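Asker: Pasted the sequence and its predicted model underneath.
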Amino acid sequence: MLVKVFGSSVFGVDAEIITVEINMEKGIGYHLVGLPDNAIRESSFRIQAALKNTGFKFPGKKIIVNMAPADMRKEGSAYDLTLALGILSASNQIKSEEIGNYIIMGELSLDGSLQPIRGALPIAIKAKQEGFKGFILPKQNAKEAAIVDDLKVYGVESISEVINFFDKDEPLEPTKINTKEIFYNNLAHPEYDFADVKGQESIKRCMEIAAAGGHNIIMVGPPGSGKTMLAKRLPSILPPMSLQEALETTKIHSVVGRVKENVGLMAERPFRSPHHTISDVALVGGGAYPQPGEISLAHNGILFLDELPEFKRTVLEVMRQPLEDREVTISRAKFTVTYPSSFMLVASMNPSPSGYFNDPDAPVTSSPAEMQRYLGKISGPLLDRIDIHIEVTPVPFEKLSDERRGESSVDIRDRVTKARESQTERFKDSESVHYNAQMSVKHIKTFCKLEESSKALLKAAMEKLNLSARAYDRILKVARTIADLEGSADVTGTHISEAIQYRSLDRDGWLG
């Protein structure tokens with residue numbers, strides 16, 4: 001008897017339907033074809049034990065299983081439930097009239113219970129597009145898949161529930177979530193609040209500008225000056241994600257299995273902080289069977305690189321193209337995968353190997369040559385792609401001991417959100433541009449027009465600091481954001497002069 005059951009494979013951040021064909025006839029043997037990996041090949045042992053422990057039997061006949069399309073490699077243990085239901089149907093142990101109307105996925109334990117899978121959200125999206133009646137999957141992933149409207153999602157705990165659903169018509173309760181309620185239920189009191197930061201008013205100002213325009217930022221300062229503390233608080237002032245951004249982010253995290261159990265939509269912007277020993281493949285994604293890297297997991301959020309010069313130079317250089325294009329393409333001989341990577345790069349570093357910059361009172365100092373060599377670990381082209389460079393100085397005792405709380409993240413976020421709203425209105429006719437940091441040269445010419453006095457000021461800065469054409473564009477983008485925070489329609493000389501101050505690390509200006 002021939003039975004067709006449907007599963008799904010995740011390719012990049014999208015899913016493809018996999019048709020599992022099971023043919024059963026006289027003879028002995030279990031033959032699995034269609035480019036399965038070892039995890040799928042081992043599934044027969046898990047299925048056999050699970051069926052036995054739930055009162056069914058693994059048929060002693062010749063079983064041929066084909067996973068179509070046969071030229072696409074299939075990976076993972078999520079096909080256990082698909083295969084098990086197909087074998088039961090083909091051996092007439094359960095009814096199979098309705099089984100082809102559902103996508104069925106899940107990893108089996110030996111007792112018949114189900115373990116969570118990866119990629120539940122993109123699979124649910126594909127199931128809806130292909131017109132399936134429902135999606136049956138482990139209960140731990142049900143809320144994640146239930147984000148998709150107009151698709152019945154059934155979260156089950158064991159194979160017995162699925163068997164009873166098809167064979168005995170015992171109803172399953174579809175998982176329902178209120179996506180908008182989850183999305184808009186943001187915390188008014190974030191875990192990390194700028195109100196806890198003592199002093200550092202100029203750095204807070206830079207953080208506000210960076211958040212308002214989505215600009216990349218690097219902080220340079222000695223140990224203990226508060227660089228990491230400030231970076232951890234940056235997500236608290238970013239504007240809330242749109243529903244589309246939340247879906248994109250959840251989709252990427254779903255592919256790598258990073259969505260927390262019993263959590264549906266990711267409403268908070270991601271904050272990724274990889275260790276400096278990370279490899280270039282782990283950062284940008286890839287591998288023999290490509291997976292998203294840290295820059296894609298930070299999509300619509302923040303990638304924080306602490307102690308930037310300690311990262312391997314090859315690791316930092318692979319970020320050049322994703323920083324410009326806001327996506328990363330992984331190419332292999334037989335296929336190409338593209339992952340979105342629109343993130344804010346936040347980096348911190350010491351100004352020298354000792355950690356102190358020309359400070360005569362410091363316990364250890366470094367010579368100018370040592371400092372230049374240390375900074376040389378970061379290439380000029382990478383620094384060019386960072387919009388804001390800011391020096392962080394230690395906080396004096398008087399401010400540290402001040403009991404007064406600073407301005408809260410909620411108040412700062414209100415200003416940032418207003419600035420972003422004006423940018424959304426400005427770029428409403430552009431599909432790929434949503435905030436100032438994403439502006440192209442065409443947008444800069446249109447929205448960053450300068451008066452003659454402002455042009456003269458910018459020209460003088462370009463010549464003195466020997467800035468590149470890319471740095472010129474970055475200054476104009478930051479100036480546009482500063483104007484948006486003030487509610488100004490035009491970019492003035494005041495905005496330009498403040499933006500120029502945030503280019504501390506340009507090579508000819510750093511060591512004097």
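Answerer: That came through, no problem.
Asker: quick one: contacts for the residue sitting nearest the centre point of the chain?
Answerer: With the centre of the chain defined as its mean C-alpha position, the nearest residue by Cα atoms, centre = their mean is Leu297, 2.5 Å away. Residues near Leu297 by Cβ atoms under 8 Å, 6 or more residues apart in numbering: Ile252, His253, Val256, Arg258, Pro270, Arg272. Glycine gets a C-beta too; all of them are placed from N, C-alpha and C.
Asker: same check, this time on Ser409
Answerer: Pro190, Tyr192, Asp193, Phe194, Ala195, Arg233, Ser236, Ile237.
Asker: all strands of the stretch 201-350 of the chain, in order?
Answerer: 217-220, 271-272, 285-286, 291-292, 302-305, 327-331, 336-340, 344-349 (DSSP state E, counting those that start in this stretch).
Asker: looking at the ones you listed, which is closest to Glu486?
Answerer: Glu486 lies closest to strand 217-220 among the strands of the stretch 201-350 of the chain, at 19.4 Å (Cβ to Cβ).
Asker: can you give me the offset of the closest one from its chain's centre?
Answerer: Strand 217-220 sits 21 Å away from the centroid of its parent chain (Cα atoms, centre = their mean, to the nearest Å).
Asker: where does the protein dip in pLDDT?
Answerer: Counting by pLDDT under 70, the ranges of the chain that qualify are 179-190, 261-263, 355-366, 505-512.
Asker: Select the longest strand from it.
Answerer: Ordering each strand of the chain by length in residues (DSSP state E) puts strand 14-25 first.
Asker: Just the buried residues of that strand, please?
Answerer: Buried residues in strand 14-25, counting neighbours by 16 or more other Cβ atoms under 10 Å, are found at Asp14, Ala15, Glu16, Ile17, Ile18, Val20, Glu21, Ile22, Met24.
Asker: From these, pick the one nearest Thr494.
Answerer: Nearest to Thr494, judged by Cβ to Cβ, of these is Asp14 at 46.6 Å.
Asker: give me the number of residues near Glu310?
Answerer: 13 (other Cβ atoms under 10 Å).
Asker: actually Ile64, not the one I wrote
Answerer: Neighbourhood size, Ile64 [other Cβ under 10 Å]: 17.
Asker: I'd guessed it sits against Val20; true?
Answerer: No - counting by Cβ atoms under 8 Å, Ile64 does not reach Val20; the two are 11.3 Å apart.
Asker: which residue packs closest to Phe427, ignoring adjacent ones?
Answerer: Nearest residue to Phe427 in three dimensions, chain neighbours excluded: Val433, at 4.5 Å (Cβ to Cβ, 6 or more residues apart in numbering).
Asker: Kindly confirm my reading that the one you found forms part of a helix.
Answerer: No - according to DSSP: H, G, I helix; E, B strand; the rest coil, Val433 belongs to no helix; its state is coil.
Asker: correct me, but it touches Val441?
Answerer: No - proximity of Val433 to Val441 does not meet the contact threshold set by Cβ under 8 Å, at 11.8 Å.
Asker: Looking at these two, which one has more neighbours?
Answerer: Set Val433 next to Val441 and count neighbours by other Cβ under 10 Å: Val433 wins out with 18 against 10.
Asker: List the contacts of the more buried one.
Answerer: Phe427, Met439, Ser440, His443.
Asker: Next up, the contacts around the last one.
Answerer: What that stands for is His443. Phe427, Ser430, Val433.
Asker: Moving C-terminal from the helix or strand containing it, which element do we reach first?
Answerer: According to DSSP states H and E, His443 maps onto helix 441-447. Where DSSP H and E defines the elements, the next helix or strand beyond helix 441-447 is helix 452-465.
Asker: in that next one, what's buried?
Answerer: Neighbour-count burial for helix 452-465, counted by 16+ other Cβ under 10 Å, picks out Ser454, Leu457, Leu458, Ala461, Met462, Leu465.
Asker: can you check stretch 367-377 too?
Answerer: Neighbour counts over stretch 367-377 (16+ other Cβ under 10 Å) mark Met371, Tyr374, Leu375 as buried.
Asker: Okay, and the second one sits in which element?
Answerer: Under the assignment given by DSSP H and E, the secondary-structure element containing Tyr374 is helix 368-375.
Asker: quick revisit: now for the longest strand of the chain, which elements pack on it?
Answerer: Under the contact definition 3 or more Cβ pairs under 8 Å, 6 or more residues apart in numbering; DSSP states H and E, strand 14-25 sits against strand 2-11, strand 62-68, helix 80-90, helix 120-129.
Asker: let's go with 10 Å and repeat that
Answerer: strand 2-11, strand 29-33, strand 62-68, helix 80-90, strand 102-104, helix 120-129, helix 243-255 (3 or more Cβ pairs under 10 Å, 6 or more residues apart in numbering; DSSP states H and E).
Asker: Quick one: closest of the ones you listed to Ser160.
Answerer: Taking Cβ to Cβ, helix 80-90 is the member of those nearest to Ser160, at 11.2 Å.
Asker: Restrict that closest one to CA atoms and write it as CSV.
Answerer: This file holds the C-alpha atoms of helix 80-90, laid out as CSV (Å, rounded to 0.1, in the frame of the first residue of the first chain):
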residue,chain,number,x,y,z
ASP,A,80,10.3,11.0,13.1
LEU,A,81,6.6,11.7,13.6
THR,A,82,6.0,12.1,9.8
LEU,A,83,7.6,8.7,9.1
ALA,A,84,5.9,7.0,12.0
LEU,A,85,2.4,8.2,10.9
GLY,A,86,3.1,7.2,7.3
ILE,A,87,4.2,3.7,8.4
LEU,A,88,1.1,3.2,10.5
SER,A,89,-1.1,4.3,7.7
ALA,A,90,0.6,2.2,5.0
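Asker: what inclination does it have with respect to strand 29-33?
Answerer: Computed by axes from the mean of the first three to the mean of the last three Cα atoms, to 10 degrees, the angle separating helix 80-90 from strand 29-33 equals 130 degrees.
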